[in-house]
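1. okay, predicted coordinates and the sequence, questions at the end:
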Amino acid sequence: MLGGIFCRQGNLIQELKDGGIRVGRRVCDKIDTIGRMYEQQLEMYRNKSHNVSNRIVSLVRPHIRYIVRGKVCKDVEFGPKVSLSYVNDYCFCDFISHEAYNETTCLTQQVSAFKQRFW
């Protein structure tokens, strides 16, 4: 039953608009996010897996991705990963991403930015 509803999500929005119902951008975004979440869940079910690329973990913030950290108290963290430079009680945001990344990939860029700012 749910599959039929989410497979026709695009038609649902158009049907509402054709019926004279005003559909806001936020509602359209939520319906789209729910449809993508359903497709991801269906893919994991069919493949008998627990992983899918760019997995949506929040309906409210679909751009948030989980980051596997392997720490003792918590295995997974949510939210953006930020690279900061701290100088004389000031913080400078050099890089921010909602995807997991290796810090060494942006280290040379951070060093270059630091040199430009302070040397």
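-> Yep, that arrived.
2. going forward, measure contacts and count neighbours with C-alpha atoms only.
-> Will do.
3. contacting residues for residue 65?
-> By CA atoms under 8 Å, 6 or more residues apart in numbering, the residues touching residue 65 are 54, 55, 56, 57, 78, 79, 80, 98, 99, 100.
4. can you pick the most crowded of those?
-> Using other CA atoms under 10 Å as the neighbour test, these are led by residue 56, with 20 neighbours.
5. look up phi and psi at that residue.
-> phi -80, psi 120 (degrees, to the nearest 10).
6. returning to that earlier point: which of the contacts of residue 65 sits closest to residue 36?
-> residue 56 (8.0 Å; CA to CA).
7. any idea which element the nearest residue to the closest one once chain neighbours are set aside lies in?
-> Nearest-residue entry for residue 56: residue 62, 5.5 Å, with adjacent residues in sequence omitted and distances by CA to CA, 6 or more residues apart in numbering. Using DSSP states H and E, residue 62 falls within no helix or strand.
8. okay but residue 62 is in contact with residue 36, surely?
-> No. Taking contacts as CA atoms under 8 Å, residue 62 lies outside contact range of residue 36: 9.8 Å.
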